[in-house]
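Peer 1: any chance you could fold what I've pasted below:
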Amino acid sequence: MIRGIGLYVHIPFCASRCPYCDFATAPATTALRDRYMETLSSEIVREGELLGHPRVRTLFFGGGTPSLLEPEEIARLGDALRSAFVLRPREVTLEANPATLDRARLEAWLALGLTRLSLGAQSFDPAGLRALGRTHQPDDSLSAFEVARAAGLDVNLDLIFGWPGQTIAGWERDLGIATALGPDHLSCYPLELRLDPDGSIPNWPGGGWPVLERWRRAASAAQPDDAGIARMYRVAERSLGHAGYRHYEIANWARPGKRSLHNLGYWRDRDWLGVGAGAHTHLAGARSANPVDLRAYISRIESGSPRAVDDDSDPPSEAAMLALRLDSGLDLGRYAARFGDLAAARVRGALREVEQVHLVQLKGRSARLTARGRLLASEVFVRLLP
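Peer 2: Numbers count the residues shown, from 1 in each chain. Below is the predicted model of the structure:
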């Protein structure tokens, strides 16, 4: 029996497809919408029964654009969650597109216990939003932020840097506007463009992968180079540090006491359940996932088939990489107690290699990424793979 979990609920629907996005998404107007929501409720109820109705410690609604759900859909989703789990979360997060947050929807989410809004601002520069294929405007982000604050919610702002044509000065302006608003938390991600087809392609009508591939290749060619991206990352570290934000994870900054509790569960390798299309699960050391294609997901739930288990998963290396993402780093003593002395010795040996080039600091039984190591984390992580 699982005693307590993080719960991730995936709502794939979007008003339009952002061309850089490779998450599990689908049109908000899809004919499968009602069937998907019914299937999602069925999965929630079934998983709650299988796990013995555990307590949900943190709850995260991601997407897609979950803020597009109508109040009746949100209420039905809440009914399913309450019937399946002991729903006493310390934190309930909703991802929101700035242009989709109206009073009726927000009140329905508040009735479900919402405490935290993660707002996909991405940029406060109209040129940046156009470059990213976003449909909202900077004023939409400002208005949504004020609505969230008026509702008493903690607010995270998502920002993307390294978009085509962005300059250092433009990125500094984005950070300045963001910090002037005073959010509790900021997430800053470099624009990464996957150049192979993703699993959401069948969910969308129209040109399919060739259209996205052309956009992504053109955008990639117009992005700042690696040195420019690295400089933007350092600008964020400096700017957000001066504004009082703690850089507690590679891409995340928070005010004191305002870290994302749900995401900390991922990075600390705790148990979580993911429901919905494309959602991933980590329970009792095993990783599994649902199909991204809506029809395949619905078919899986209706047939009662299990999630696809990730046979390539390597729990010891994954736990080490996740811990190193945090500023608290990896406790090698606890790691050895969990995975054994041989696994700990292998990790320590791999980290000593990159300590020599100042990517990691080893001190006693702890290991932490340096400032340079955060920038080149993939160089560290690849050495931890089996």
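
Peer 1: so in this protein, which strand runs the longest?
Peer 2: strand 86-96 (DSSP state E).

Peer 1: that strand pairs with which strands, parallel or anti?
Peer 2: strand 55-63 (parallel), strand 116-122 (parallel) (DSSP bridges).

Peer 1: and the gap between the closest residue to residue 58 other than its chain neighbours and residue 156?
Peer 2: Closest residue in space to residue 58, ignoring its immediate chain neighbours: residue 262 at 3.8 Å, by CB to CB, 6 or more residues apart in numbering. Every residue, glycine included, has its C-beta placed from N, CA and C. In this view, residue 262 and residue 156 are 11 Å apart by CB to CB, to the nearest Å.

Peer 1: which one of these two has more residues nearby?
Peer 2: residue 156 (26 against 23; other CB atoms under 10 Å).

Peer 1: tell me who's in contact with the closest residue to residue 41 other than its chain neighbours.
Peer 2: Spatial nearest neighbour of residue 41, excluding adjacent residues (CB to CB, 6+ apart): residue 80 at 3.9 Å. Contacts for residue 80 (CB atoms under 8 Å, 6 or more residues apart in numbering) come out as 40, 41, 44, 45.

Peer 1: do a quick rundown of the strands in the stretch 101-250 of the chain.
Peer 2: With DSSP state E, counting those that start in this stretch as the criterion, the stretch 101-250 of the chain has strands at 116-122, 154-161, 185-190, 246-249.

Peer 1: among these, which comes closest to residue 284?
Peer 2: For those, the distance to residue 284 is smallest for strand 246-249, at 24.5 Å, taking CB to CB.

Peer 1: so for the closest one, mean pLDDT?
Peer 2: Here strand 246-249 scores 98 as its mean pLDDT.

Peer 1: which other residues reach it?
Peer 2: Counting by CB under 8 Å, 6+ apart, residues outside strand 246-249 touching it are 237, 240-241, 253-256, 259, 263, 267, 325-328, 374.

Peer 1: so which helix or strand takes in the residue nearest to residue 41?
Peer 2: helix 71-84 (DSSP states H and E).

Peer 1: buried sites along that helix?
Peer 2: 73, 74, 76, 77, 78, 80, 81, 84 (16 or more other CB atoms under 10 Å).

Peer 1: outline the domain layout of the protein.
Peer 2: Domain segmentation of the chain under automatic domain parsing yields 4-267, 314-386.

Peer 1: which non-adjacent residue is nearest residue 313?
Peer 2: residue 287 (4.4 Å).

Peer 1: show me what the helix or strand the one you found falls within is packed up against.
Peer 2: Under the criterion of DSSP H and E, residue 287 resides in strand 286-289. Applying 3 or more CB pairs under 8 Å, 6 or more residues apart in numbering; DSSP states H and E, we find strand 286-289 packed against strand 280-283, strand 308-309.

Peer 1: what's next to it, contact-wise?
Peer 2: Counting by CB under 8 Å, 6+ apart, 274, 278, 279, 280, 281, 306, 307, 308, 309, 310, 313, 318 sit against strand 286-289.

Peer 1: show me what the helix or strand immediately after it in the chain is packed up against.
Peer 2: Downstream of strand 286-289, the first helix or strand assigned by DSSP H and E is helix 294-303. If you count contacts as 3+ CB pairs under 8 Å, 6+ apart, helix 294-303 packs onto helix 33-50.
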